[in-house]
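In: please work out how this folds:
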Amino acid sequence: MQRFLPSEFGIDPARMGHALEPGRITFDEKMEIRRAIEEASIPHTYVSANCFAAFFVPNLSQMRTLLPPKEKVHVYGDGNVKVIFMDEDDVATYTIKSIDDPRALNKTIYLRPPENILSQNELIAKWEKLSGEVLERIPIPSDEFLASMEGTDITNQMAVGHFHHIFYEGCSTNFDIGEDGEEASLLYPEVRCTRMEDYMKRYL
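Out: Purely as a prediction, here's the structure:
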């Protein structure tokens, strides 16, 4: 049986009906494709891969850079909201395994390896331990962070909205997987995920 895996990945759009403008267009468009798939009765598997490490880990989740901060790091709120970070190669591994797995048919596969569910503070602490550096942590309250999108281009507005959902609301972790989904690390315990401290070693 052939199966369609739309190239959406990221945060599950089905849970983002409350997303902020203008970034919500990302989720709305993905949901349009999902509705078309389901109305046509096309066999499918959706993959919710959460946060790709390359964009969120070496930079300690700082915006507008992919490199580790040297002296200061901005912390979203209290920095304790849990986020899921995934090595891109692991995302590919789980995706390939799900392609012909009957357990994943017409379901959403959530990539949630327990060792990669970390708060921003935990991410920063891992980097400090590896690098031997101590960074000054600058907290950004939620309202101040949202205000930073005012008067900026649409790309920045979308990024601020997405970061707010991830790091202030915890949109990748603040729900339980229901009957329409499966957790990848439980389906495929043989996959040894890259831990984020090991991912960070590439940037020392």
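In: any weak-confidence spans in the protein?
Out: 1 (pLDDT under 70).
In: what is the neighbour count of the residue nearest to residue 136 when sequence neighbours are not counted?
Out: In space, and not counting its chain neighbours, residue 136 is closest to residue 72: 4.6 Å by Cβ to Cβ, 6 or more residues apart in numbering. Using the backbone N, CA and C atoms, a C-beta is placed for each residue, glycine as well. When neighbours are counted by other Cβ atoms under 10 Å, residue 72 registers 11.
In: touching, residue 72 and residue 135? I think so.
Out: Yes. Look at residue 72 against residue 135 with Cβ atoms under 8 Å: they come within range, at 6.3 Å.
In: so how far is the host helix or strand of residue 185 off the chain centroid?
Out: Element membership of residue 185 [criterion: DSSP states H and E] is helix 184-187. Chain-centre distance of helix 184-187: 17 Å, with Cα atoms, centre = their mean, to the nearest Å.
In: for the residue nearest to residue 12 when sequence neighbours are not counted, what are its contacts?
Out: Sequence neighbours aside, residue 48 is the residue nearest to residue 12 in space, at 4.2 Å (criterion: Cβ to Cβ, 6+ apart). Residues near residue 48 by Cβ atoms under 8 Å, 6 or more residues apart in numbering: 9, 10, 11, 12, 108, 109, 110, 111, 181.
In: longest helix of this protein?
Out: Longest helix in the chain by number of residues, with DSSP state H as the criterion: helix 24-39.
In: need the next SSE after it, C-terminal direction.
Out: strand 45-48.
In: report the distance from that next one to the chain centre.
Out: Worked out by Cα atoms, centre = their mean, strand 45-48 lies 13 Å from the chain centre.
In: what's next to the helix or strand following that strand, contact-wise?
Out: Where DSSP H and E defines the elements, the next helix or strand beyond strand 45-48 is strand 51-52. Contacts with strand 51-52, where a contact means Cβ under 8 Å, 6+ apart, come from 9, 83, 84, 85, 86, 88, 91, 166, 172.
In: how distant is strand 51-52 from the center of its chain?
Out: Its chain's average C-alpha position is 4 Å from that of strand 51-52, according to Cα atoms, centre = their mean.
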